[in-house]
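Participant: Sharing a sequence plus its predicted fold:
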Amino acid sequence: MADSFQSAYQEEERKLNETIAEIDRQLDRLTSIPVYTGHDFTEQVLEAGREERRQALFKSQAEPYFGRLDFQESGKDAQTPLYIGKVGFDRETAGEHPMVMDWRAPAASLFYSFTGGEDLASYEAPEGLVEGRVYLKRNMVIRKQILERVSDTYNRDSGGPAVTDEFLVYRLGENKDNKLRDIVSTIQAEQDKIIRAAKNTALIIQGVAGSGKTTVALHRLAFLLYQYKEQVTADKMIIFAPNRMFLDYISNVLPELGVGDIQQRTFEDWAAEQLDLPWNGEDTGKTFAYWFETETGQGTREWSNNDSGRYKGSITFMDLITRCMEQLEDASLPELDFTPWDGAVLLKEQIQEWFQVEYKPYPLAKRKERVLARIHRWVEMELKKSPSQAVLKERKKKASQREKAYANKWPKFDPLTLYKQLFGASKSSIWPEAWLKEIPQETMAVTRKNLKAGLIKEEDLTPLLYIQTMLHEMDGNLRFDHVVIDEAQDFSPFQIALLDRYVRGHSFTILGDLSQGIHAYKGVHAWDELSSLFEEEHQAYFALTTSYRSTMEIIEFGNVILDQGVRSDLLAVPVFRSGDDVRLIPYGQGAGREEDLRRALRHLSSKGSYRTVSILTRTLREAAELHEMLAGEWPELNLIDGGKGTYQGGLSILPVYLSKGLEFDAVIAADVDAYHYADKIWDAKLLYVGCTRALHELWLFYEDQLPACLHSGLDDITETGWPEGS
Ligand SMILES: Nc1ncnc2c1ncn2[C@@H]1O[C@H](COP(=O)(O)OP(=O)(O)OP(=O)(O)O)[C@@H](O)[C@H]1O
C-alpha cells in the first residue's frame, strides 16, 4: 500500500513538473510577443486571444489542476488520464489534448458524477452520449507548484466499489476564514446536477443548512458562462443575496473560478436603483427591530397572510395592481374632443382609436407619449391650412397652450403617484372603491400613513417596480441572462414574478431552506408558492439533503431541532466527519453569564487552529451589551449589527438572525433557554440557523432550562459542562 502510494506520488510529481514546464514554455513564448496596440482589427482579435491565454496560464501556474480521472471510452483500447483544473489548456505541440481539462467541460463532469459501481459511466458530449469505464479518480492538492497531497478516492484495480469521502472529509476539516471558498475539487454528484442543469429553467432548490446552496449557485454561474458562452455574458447575470455583508462574504468565489463582472446585489438596492429612489437600508434595520428585538420570553410576534409584508408580496396583490393598471388604460383618455383653436376639432373617437388600437402594443406611458405626439402632428397639418401668416401665428400660440392643457388632463404615469392613489394617500384616486377594500385594513392604514409621511418601505419596492414595468417599455439592456436568488425562502412570490419580467427564458437558480425561514412575515412558507408561477416545462425542483459544513454531532443536533422544534421531516444527512460533542453549559457552573461567556471565548479563540469564532445572542441589544463588556479583553471582537458592508472574520458577536448564510469554526450560542427561545416553530428556526453555523464546535449556554425543542434526543451527541482544562 505504502509502495503504491509512493509510486503514485512520484508519478504525479513527474506529471506536475512536466505540466509546469509546459506552462512556463508557453508563457515565455507568449510574453515574448510584443503586445499589439494598433488599429488593425484582425491583429486586435489575435492579441485578445493571446491575452486570454496569458491570463489562463498565469492562473494555472501555481495550481494547474486538482484531479485526475482515468477513463476508457467504450470501443477504444486505451485508458486516458484526464487532468482537471480550474482552467483548461492544450499542449502547443502534438500530444494529448487538452493537457488540462477545464472542470466545466463535458468530459470533466465524470469526475463529479461518477460515484463508483460496475455500471458504465457516461457523460453528455456535444456529439451525443459517451460511455466508458472509469479506472481511477484521484484528488490532488497542489499549492504554489508543490504537490502536497495525492488521494485516490476510487481505484478499480484495488477493487473499491465506490468513490470514498476521504478527500472530501479532509477538505471539510479545514478551518474557514472570512470568505466563502470554491469547492471545485470536491463538488458532489447531487450538486453537480444542479450546476450543470440546462439554462432556460427556473431551478428551485431546497437544501438543508450547509448543503452548499450558495456555493453551488456560484459554481453554476461559472458553468453557464462556459457552456453558453455565445448566449450569456457575465454582466447580464445577477446574484441577489440577503445583505451587503453577505455579498462581501461570498465575493471571492467567482474570481477564484476566473469569473468577473457578475452583478451581486441585494434586491432592495437593485429595485431602488431601478426606481431611482435613494436607499440606505435603514428600513431593513427597523423591520428586524420590529420582528426580532421584541421582549423575549413573551414570545415572538405572530404573522398572518394579511400582514403587510406577506400581503404586499402576494400574487393576490399583484393581481389587484394588474387590474388597476388595466382600468387605468380605460380611465386614461380624457373624455374630450381636442380643439386647438375654435373651429378645428380632433374627435375623441379618433384619439381613442390611436390610443386603444394603433398604439396598443406599447406600454401606457409610451402610448400617452405617442398619442400626444400624434395630436401635435395633426395640429401641424391643420396649421398649414391657415389663410394668412397672422392667423397662423395666432393659431400656433393657442394650439400650444391647449396642447399643454390637454396633456395635463391625462393621469400622471408615475409609479409612486399611482401607488399612493392605491392606498388613498393622494388627493385623487381613479380606482374603484370596492377594489381598494380588498387590501387588508391594517395594511391599508399603515401604508397610507407611511406614504403620506414620505416613507417607502422595503415591501413597497416590488409593487412600485411592477407598476413601473407596466407603465414603461423595459429597456432590453436591463434584461438578465440569468438570475440567482439566494436565501429564496425570504423572497415573496410577487418578487419572483416581477423578476421573471427581467430575465430571459425563466433562467433562474432559486435556492433556499424553508427550515431557515425566519423572515416568514414576508417570505414563502412552501415552495409551491414559487413553483406555481412557472409552467411545468419551465421549472425543475432539486433537494439537497447532505450537509457538508458541520461535524456529524452538530448536524445530528440540528436535526433534533428540526424534528422537535421546526417539525420538519427534511432532516440533514451528515458526511462522515466526527468531532467533539455539542457542549451544553448551564450558566453559573463558572461564575455567571458574563464570566462564563468570557471563559468560553477565551478557550475557543486560543485554539490555534480556529480562525473564526462567534458568539450568537438572541437580540442585537444583547449582542451590543455583551460586546461592550468583552471589548476590553478582545478589542478585535467585531459586532455585526446589520449595518456593515464587509465581513472581517476572526472573532464576531452578532444576533442569531444576522448569522444566516455565514459560518464559523466555533460557535458559542448564548442564552439558549426557554425564556429566549419560546416553544414556537419560529424560535426553533432561529435556533436551527444559529446552531448550523458551526463547522467544528458548538457550545450552548443556558439559564435554568433548555428550550422545549431540546428536551430530548441529545444523549449521544452532547456533553454537559465545561471541558477539562478550560
Ligand atoms: N462539495 C463540497 N466540498 C467541500 N465543501 C463543501 C461542499 N459543499 C459545500 N461545502 C462547504 O459547506 C459549507 C456550506 O456551504 P454553503 O454556505 O454554500 O451552504 P448553504 O447551503 O448555502 O448553507 P446555509 O443555508 O446554511 O447558509 C461551506 O463551507 C462550503 O465550502
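Facilitator: Cool, got the structure.

Participant: alpha carbons only for contacts and neighbour counts from here, please
Facilitator: OK.

Participant: residue ranges for the strands of the stretch 201-350 of the chain, please.
Facilitator: Remark: strands assigned in the stretch 201-350 of the chain by DSSP state E, counting those that start in this stretch are 202-207, 237-240, 263-265.

Participant: Determine which stretch of those is the most buried.
Facilitator: strand 202-207 (a mean of 24; mean count of other CA atoms under 10 Å).

Participant: Who are the packing partners of it?
Facilitator: On a contact count with 3 or more CA pairs under 8 Å, 6 or more residues apart in numbering; DSSP states H and E, strand 202-207 meets strand 508-512, strand 539-544.

Participant: What score does residue 162 have for pLDDT?
Facilitator: We have a pLDDT of 75 for residue 162.

Participant: now the strands of the stretch 201-350 of the chain in CSV, with mean pLDDT?
Facilitator: Below are the strands of the stretch 201-350 of the chain laid out as CSV (pLDDT from 0 to 100):
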stretch, mean pLDDT
strand 202-207, 96
strand 237-240, 96
strand 263-265, 92
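
Participant: Which residue ranges make up each domain of this structure?
Facilitator: Domains of the chain are assigned by automatic domain parsing as 2-164, 192-291+460-547, 334-408, 552-720.

Participant: Dump the helices and strands packed on strand 202-207 to a markdown table, plus mean pLDDT and mean neighbour count.
Facilitator: Below are the helices and strands packed on strand 202-207 laid out as a markdown table (pLDDT from 0 to 100; neighbours: other CA atoms under 10 Å):
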| stretch | mean pLDDT | mean neighbour count |
| --- | --- | --- |
| strand 508-512 | 97 | 25 |
| strand 539-544 | 95 | 17 |
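
Participant: I'd like to know which of these is closest to the ligand.
Facilitator: Taking CA to the nearest ligand atom, strand 508-512 is the member of these nearest to the ligand, at 6.6 Å.

Participant: helices or strands next to the helix or strand following that closest one in the packing?
Facilitator: The helix or strand immediately downstream of strand 508-512 is helix 528-531, counting by DSSP states H and E. Helices and strands touching helix 528-531, by 3+ CA pairs under 8 Å, 6+ apart, are helix 493-500.

Participant: Please name the residues that touch residue 155.
Facilitator: By CA atoms under 8 Å, 6 or more residues apart in numbering, the residues touching residue 155 are 135-137.

Participant: which one of those residues is nearest the ligand?
Facilitator: Among those, and counting by CA to the nearest ligand atom, the member closest to the ligand is residue 137, at 15.4 Å.

Participant: which stretch of helix or strand covers that closest one?
Facilitator: According to DSSP H and E, residue 137 maps onto strand 128-143.

Participant: between the contacts of residue 155, which has the most around it?
Facilitator: In terms of neighbours by other CA atoms under 10 Å, these top out with residue 137 at 26 neighbours.

Participant: Quickly list what it is bridged to.
Facilitator: Taking DSSP bridges, one obtains residue 69, residue 154 as the residues bridged to residue 137.

Participant: likewise residue 511?
Facilitator: Beta-bridge partners for residue 511, by DSSP bridges, are residue 205.

Participant: Not counting sequence-adjacent ones, nearest residue to the residue of the stretch 601-726 of the chain found nearest the ligand?
Facilitator: Residue nearest to the ligand within the stretch 601-726 of the chain (CA to the nearest ligand atom): residue 661, separated by 3.4 Å. Spatial nearest neighbour of residue 661, chain neighbours left out: residue 246 (7.1 Å); criterion: CA to CA, 6 or more residues apart in numbering.

Participant: SS state for the closest residue to residue 413 other than its chain neighbours?
Facilitator: Distances taken as CA to CA, 6+ apart place residue 365 nearest to residue 413, at 6.0 Å, with adjacent residues excluded. Secondary structure for residue 365, judged by DSSP: H, G, I helix; E, B strand; the rest coil, is helix.

Participant: In terms of helices and strands, where is the residue of the stretch 601-726 of the chain closest to the ligand?
Facilitator: Under the criterion DSSP H and E, no helix or strand holds residue 661.

Participant: I'd say residue 123 and residue 110 touch.
Facilitator: Yes - using CA atoms under 8 Å, residue 123 makes contact with residue 110 at a distance of 6.4 Å.

Participant: Which one's more surrounded, these two?
Facilitator: residue 110 (21 against 17).

Participant: For the more buried one, grab phi and psi.
Facilitator: As for residue 110, its main-chain torsions (degrees, to the nearest 10) stand at phi -60, psi -30.

Participant: Tell me how far it lies from residue 399.
Facilitator: 74 Å (CA to CA, to the nearest Å).

Participant: buried ones in stretch 491-509?
Facilitator: In terms of neighbour count (16 or more other CA atoms under 10 Å), stretch 491-509 has its buried residues at 491-500, 502-503, 505-509.

Participant: Sorry, slip of the keys, the one I care about is stretch 527-547.
Facilitator: Applying 16+ other CA under 10 Å to stretch 527-547 flags 527, 530-531, 533-534, 538-540, 543-547 as buried.

Participant: That stretch: end-to-end distance?
Facilitator: Using CA to CA, one end of stretch 527-547 lies 20 Å from the other.

Participant: Show residues contacting that stretch.
Facilitator: Stretch 527-547 is contacted from outside by 190-191, 194, 200-212, 492-493, 496-497, 506, 524, 555, 570-575, using CA under 8 Å, 6+ apart.

Participant: From those, pick out the ones that also neighbour the ligand.
Facilitator: 207, 209-212 (CA under 6 Å from any ligand atom).

Participant: one step back: how about the residue nearest to residue 661, what does it touch?
Facilitator: Contacts of residue 246 were listed using CA under 8 Å, 6+ apart, and they are 646-647, 661-662.

Participant: Farthest-apart pair in those, please.
Facilitator: 646 and 661 (13.9 Å; CA to CA).

Participant: Of these two, which one has the most company?
Facilitator: residue 661 (21 against 15).

Participant: how much space between the more buried one and residue 247?
Facilitator: Distance from residue 661 to residue 247, by CA to CA: 10 Å.

Participant: same thing with residue 351?
Facilitator: Residue 351 is 51 Å from residue 247, by CA to CA.

Participant: Pull up the residues of the protein that are close to the ligand.
Facilitator: 168, 172, 181, 183, 186-188, 207, 209-215, 548-549, 660-662.

Participant: Over to residue 701. Which of the three states is it?
Facilitator: strand.

Participant: Let me see the contact set for it.
Facilitator: 584-587, 668-673.

Participant: Please flag which of those sit within strands.
Facilitator: The strands, defined by DSSP state E, take in 584-586, 668-669 from the contacts of residue 701.

Participant: Now flag whichever of these is closest to residue 271.
Facilitator: Distance to residue 271 across the ones in strands among the contacts of residue 701 (CA to CA) is lowest for residue 669, with 34.9 Å.

Participant: Quick one: neighbours of the closest one, just the number.
Facilitator: Neighbour number of residue 669 under other CA under 10 Å is 25.

Participant: Which strand residues bridge it?
Facilitator: residue 616, residue 700.

Participant: ok, it touching residue 688?
Facilitator: No - the pair residue 669 / residue 688 is not scored as a contact, 11.0 Å apart, by CA under 8 Å.

Participant: Overlap of the contact sets of the two?
Facilitator: Here residue 669 and residue 688 have no joint contacts, going by CA under 8 Å, 6+ apart.

Participant: Residue 151 is in contact with residue 167, isn't it?
Facilitator: Yes - if you go by CA under 8 Å, residue 151 and residue 167 touch, sitting 6.6 Å apart.

Participant: Quick check: neighbours shared by the two?
Facilitator: Shared contacts of residue 151 and residue 167 (CA under 8 Å, 6+ apart): residue 139.

Participant: Next up, the contacts around the residue nearest to the spatial centre of the chain.
Facilitator: For the chain, the residue nearest the mean C-alpha position is residue 486 (2.7 Å; CA atoms, centre = their mean). Residues in contact with residue 486 (CA under 8 Å, 6+ apart) are 213-214, 239-242, 510-512.
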